[in-house]
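In: show me the folded form of this:
(2 chains)
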Amino acid sequence: MSSVTYIEHLPAVPKRRRILNRLGYQEQMTVLDNEQARFLDQGIKQGLLLCQVQGVFGRFKISKRSPETVELDSGLIFKSRQLARMLVSSDEMVLMASTAGKEVTNRISFEIAQGNPALGVIFDAVASQAADAGLDSISKMLNTLLAKEGKRLLRRRFSPGYGDLSLCYQRILFDLLKLEKLELNLTETFMIVPEKSVLAITGIQGIKP
Amino acid sequence: MREHVLVLDGATGTELQKRGMPLGVCPEQWVLDNPGVLVAIQKEYRDAGSDVVYTCTFGGNRIKLAEFGLGDKTREINQCLAELSRKAMGKDGLVAGDLAPTGQFIKPFGNVPFEDAVDVYKEQVRGLLDGGVDFFVIETMMDIQEARAALLAVKESCDLAVCVSMTFDQAGKTLTGTDPVTALITLQALGADAVGCNCSTGPQDMLNIISAMRPYARIPLLAKPNAGLPKLIDGKTVFDMMPDKFGSFMLSFISQGVGLIGGCCGTSPEYIKQIRSQVTRMKPVPPDPKRIFAVNSARKTVFAGSDRPLVVIGERINPTGKQKMQEELKEGKTLEVKKFAQEQIEKGASILDVNVGMPGINERDTMIKIVEQLSAIAEAPLCLDSASPEVLEAALRMYPGRALINSISGEKSKLKKLLPLAAKYGAAFILLPLSEKGVPETAEERIQIIENVFAEAQKFGYQKHDFVVDGLVMTVSSDQKAAQETLKVISWCTNMFGCNTVVGLSNVSFGLPERGWINATFLAMAAGHGLTMVIANPSNDMLMRIKMASDVLTSRDPNSMRYIGFCWENKEEAERPRTHKRVLKPAEQLYDAVLMGDRDNIRTLLDAALREGLSASDAVEQRLIPAIMQVGILYEKKIYYLPQLIQSAETLKDAFEILEPLLAPGKKSGRKKAIVVLATVKGDIHDIGKNIVALMLRNYGFTVHDLGKDVPAEEIIRKATETKADIVGLSALMTTTMVEMKQVIDHARKSNLGSRFMVGGAVVNEHYAKEIGADGYAKDAHAAVKLAESLAKNTGDKQGGSE
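Out: I've put the predicted structure just below:
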């Protein structure tokens, strides 16, 4: 049986270094004066407050596989050679999603429109990293749970739209995880709204003795 | 439990699998279909020495059973399984009704409403009671809030004893971040009869968890470790510790206050035999808890005492006098509250007072919302501040920790309502020594009320370290002896009675000028009399410095380490180098203003520079353009990052808006007027990169028509034709949508559109740009400006320039 678990407040704290990287900041090169450093710090703090990182994950049994496909026990088939290769030693597939929420996405547009684009891009970097940190947080939780079974997640994650896995699988992930419960939507072209949201696929493997 | 150590059972799930239960089935249903198997296992446990077996109802709650289509049979299944265990144990053995996780997360961490979770467990509890269990065990809990829901469900359903055991990871935290001490304090305050740990680790690591709990445990501890660490071998989970090794840890557990001991995953009757042989005829070591005040959130415990640093309770989450917070609360928003929470914690508050009382809102709903939000994001415990018992009960019920109530007074009607409430949810409280007659003037009268309230509170199990006395600060401008009376109360509580004290500072100075001096001096005096907590604004630097200094002077800061650290941080702040721009003349500062992105001062500087004789065109050519060129160089060298580039460009834009009317017609000093149409292509909704490009192009003088995101090719071509665009900029973030760029360019070529095309976006590169026939690729907003300048020049050469 598969079940899906929702988390309304993921303990997802994005790494500051990654936020700065997104903004083009380079260690030991970029120079900020006091005011700019304060502006950045305040921007990051405010951005984090605007994010409400929510997430969801589900475990799904893999019933069949071929070099080009992975089939779940519900009969759903994923056609992707790369995904099949990644899951070659997994009996279960894990689907997960994380979102930084609507408030921060709206605020990014608001700040840019209101003439505060520098703040807007800081919020944008924070929100992007917060959504990614949400997936990291889900992975950490799952690994804690799986450790009891002598299992762990694969280190790699895969997403629709990458490699040979068509973006249209976003719809399948969306439905399996019932992402409308997180107030997410999917456009006709399979884009998730709000924008600062991420979907991922990984597998479960045994911890080697 | 007080007479002798109780031996619990070992693993059930792995034993069932050994005896034929397949993987993936519903264990509860399989056992009902094969009752003899469970009865045999439990008899073996009994024969091996278990005083107690757990019912086989680990997944017996409605949410788990529903995964197998059995949700509607919850009560019946639990009753039958409890009866089976009773049959196995006979009259002499004990059967514990087993409640375990639902697999879902409860609010505030998850999406399952707290009351729904309580109801789910109550349904299971009813079935287990029907089956005749002797007591309850809530086990393998990974979320303190779910453990609280199950514990309340049992306590609101029956009077049987209930034990709670949590699961911690190797870092000593539950899945939702609760440490062992915090779990213990929360659960024992809420009425658990034993608290402990099961699963997650082998006996060695579990001993560390139990040892951490021991100093604060008022109740027996429970331990059920795994048989070592799990490994997956040939598709099966196996554990690496043998029974004799496992048994060798038992005496250490007992010496650490464990009164209930058994085994979890990987253990079998063999392991229980080892336990029994070690603990036979042993009496439990009675609890010997530290008498210390403690409150906690789900993730942090704060202790207070006269030998510990003065605890600051941040007072700022209160809408009184805060218009923005009032507006937000009316709209159901919480950003301002979260900001105050974050700021106060950063400034040194250990506990956050939460008061949302104001007209025009539903205080109960607002309090719940704020408590949910803060519980999820802030580690600091909350002090729930309301005059309404209904609001307090709602907040206490769903707060995932041990809260502090502000406050319970000596008024009989309040005591009658609030003491049972506080006791039910295990909250600590601020004792307000006033009565129906009002605030007593003298310390002696207040002391009498304190003693009366304590006598009542004792009836509910409260001890002196479970509450904190408010010294009641009155205004010295109307009675100068008022402060002395408060200090007498503090001194008596500290030295005679033996409890903690708190004051709300600001009232003392009401009506006087320079109130900060009075408040700060009073804080120092109160600290000298033994004050343990203060309700204050931690952003008040003077108060915080006095708090840090008084911790040193009252021996609450060993080796003055906290004070030294505090001074070091503040010194660093004060001694940061200042930028040189303020000492330059206004005309010289124009360059720096653009360089530093100083939008706040650009207008003032321009006005001053123009007054001093700088011409508008010189301002542009000699100051602003060189400055923005330098910004571009710094950005390319990575000395500047994106927000600096944007701020400088915005400052330049502001300056141009001021200077534009002053510049001679036709002499716009290098400002370009090429027309650019920008769009994120059809199917793609990512537009921040494109928005930043639009902004930068505008700041550099381009006329930009931004069509937004998800724009069809036809619309882009139409707009480019209509505006006679020199350049069309296309953006796409996804590999799946970048192909649309080619459609647009092909369409444009067919339509004989003369515009040049530039493309960009996370997945686009130079090679792709060439492949689809674009005229250039820009990796970021700065590169886009440079490319646009180059394309505009070429277009101008080719077309004879644009407007």
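In: show me the contacts for residue 183.
Out: All of this is about chain A. residue A:102 (Cβ atoms under 8 Å, 6 or more residues apart in numbering or on different chains). From N, CA and C alone the C-beta is placed, and that goes for glycine too.
In: ah, I was thinking of chain B
Out: Neighbours of residue B:183 in contact, by Cβ under 8 Å, 6+ apart: B:144, B:147, B:166, B:174, B:195, B:213.
In: which stretch of helix or strand covers the fifth one?
Out: With elements taken from DSSP states H and E, the one containing residue B:195 is strand B:194-198.
In: please apply the same query to the second one.
Out: Under the assignment given by DSSP H and E, the secondary-structure element containing residue B:147 is helix B:144-155.
In: run the chain-centre distance for the strand holding residue B:195.
Out: When C-alpha coordinates are averaged (Cα atoms, centre = their mean, to the nearest Å), strand B:194-198 and its chain have centres 25 Å apart.
In: related to what we said a few turns ago, now the helix or strand following the helix holding residue B:147: mean pLDDT?
Out: Downstream of helix B:144-155, the first helix or strand assigned by DSSP H and E is strand B:162-166. For strand B:162-166, mean pLDDT is 98.
In: any buried residues in strand B:162-166, and which?
Out: Buried positions in strand B:162-166, judged by neighbour count with 16 or more other Cβ atoms under 10 Å in any protein chain shown: B:162-166.
In: closest one to residue B:621 out of the residues you listed, please.
Out: residue B:166 (70.5 Å; Cβ to Cβ).
In: list the backbone torsions phi and psi for the residue in the stretch 301-450 of chain B that chain A sits nearest to.
Out: In the stretch 301-450 of chain B, the residue found nearest to chain A is residue B:376; the distance is 3.3 Å by Cβ to the nearest Cβ. Dihedral angles of residue B:376 (phi, psi; degrees, to the nearest 10) stand at phi -80, psi -30.
In: chain neighbours aside, what residue packs nearest to it?
Out: residue A:9 (3.3 Å; Cβ to Cβ, 6 or more residues apart in numbering or on different chains).
In: that neighbour reaches residue B:143, doesn't it?
Out: No. Shown here, residue A:9 and residue B:143 do not form a contact pair, counting by Cβ atoms under 8 Å, at 11.6 Å.
In: which one's more surrounded, those two?
Out: Shown here are residue A:9 and residue B:143; by other Cβ atoms under 10 Å in any protein chain shown, residue B:143 has more neighbours (26 against 21).
In: mind checking how far the closest residue in space to residue B:419 that isn't next to it in sequence is from residue B:430?
Out: Distances taken as Cβ to Cβ, 6+ apart place residue B:460 nearest to residue B:419, at 5.5 Å, with adjacent residues excluded. Residue B:460 sits 16 Å away from residue B:430, taking Cβ to Cβ, to the nearest Å as the criterion.
In: next: residue B:144.
Out: For residue B:144 relative to residue B:430 (Cβ to Cβ), the value is 24 Å.
In: which one of these two is surrounded by more residues?
Out: Shown here are residue B:144 and residue B:430; by other Cβ under 10 Å, residue B:144 has more neighbours (27 against 24).
In: tell me which residues touch the more buried one, please.
Out: Contacts of residue B:144 (Cβ under 8 Å, 6+ apart): B:166, B:174, B:176, B:178, B:182-183, B:186-187, B:298, B:400-401.
In: which one of those is nearest to chain A?
Out: Closest to chain A, out of all of the contacts of residue B:144 and judged by Cβ to the nearest Cβ, is residue B:176, at 7.5 Å.
In: right, and residue B:701 touches residue B:673 too?
Out: Yes. Between residue B:701 and residue B:673 a contact is recorded at 6.6 Å, counting by Cβ under 8 Å.
In: neighbour count for those two, which is higher?
Out: residue B:701 (19 against 14).
In: strands along the stretch 201-350 of chain B, start to end?
Out: Along the stretch 201-350 of chain B, counting by DSSP state E, counting those that start in this stretch, strands occupy B:221-224, B:230-233, B:236-239, B:258-261, B:293-296, B:301-304, B:311-317.
In: residue A:110: which of those strands is closest?
Out: strand B:311-317 (24.7 Å).
In: if you count contacts, what does the closest one end up packed against?
Out: The contact analysis (3 or more Cβ pairs under 8 Å, 6 or more residues apart in numbering or on different chains; DSSP states H and E) places strand B:311-317 against helix B:335-347, strand B:351-354, strand B:533-536.
In: export it as CSV, just CAs?
Out: Extracted in CSV, the C-alpha atoms of strand B:311-317 (Å, rounded to 0.1, in the frame of the first residue of the first chain):
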residue,chain,number,x,y,z
VAL,B,311,15.5,35.1,31.4
VAL,B,312,14.0,37.7,29.1
ILE,B,313,10.4,37.3,28.0
GLY,B,314,10.0,39.3,24.9
GLU,B,315,6.9,41.5,25.2
ARG,B,316,6.6,42.8,21.6
ILE,B,317,4.0,40.4,20.2
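In: distance of residue B:493 from chain A?
Out: 38 Å (Cβ to the nearest Cβ, to the nearest Å).
In: is it true that that residue touches residue B:502?
Out: No. Residue B:493 is beyond contact range of residue B:502, at 9.9 Å (criterion: Cβ under 8 Å).
In: what touches both of these two?
Out: B:469, B:471.
In: read off the pLDDT value for the closest residue to chain A within the stretch 151-300 of chain B.
Out: When distances are taken as Cβ to the nearest Cβ, the stretch 151-300 of chain B reaches nearest to chain A at residue B:232, 3.0 Å away. For residue B:232, the pLDDT comes out at 75.
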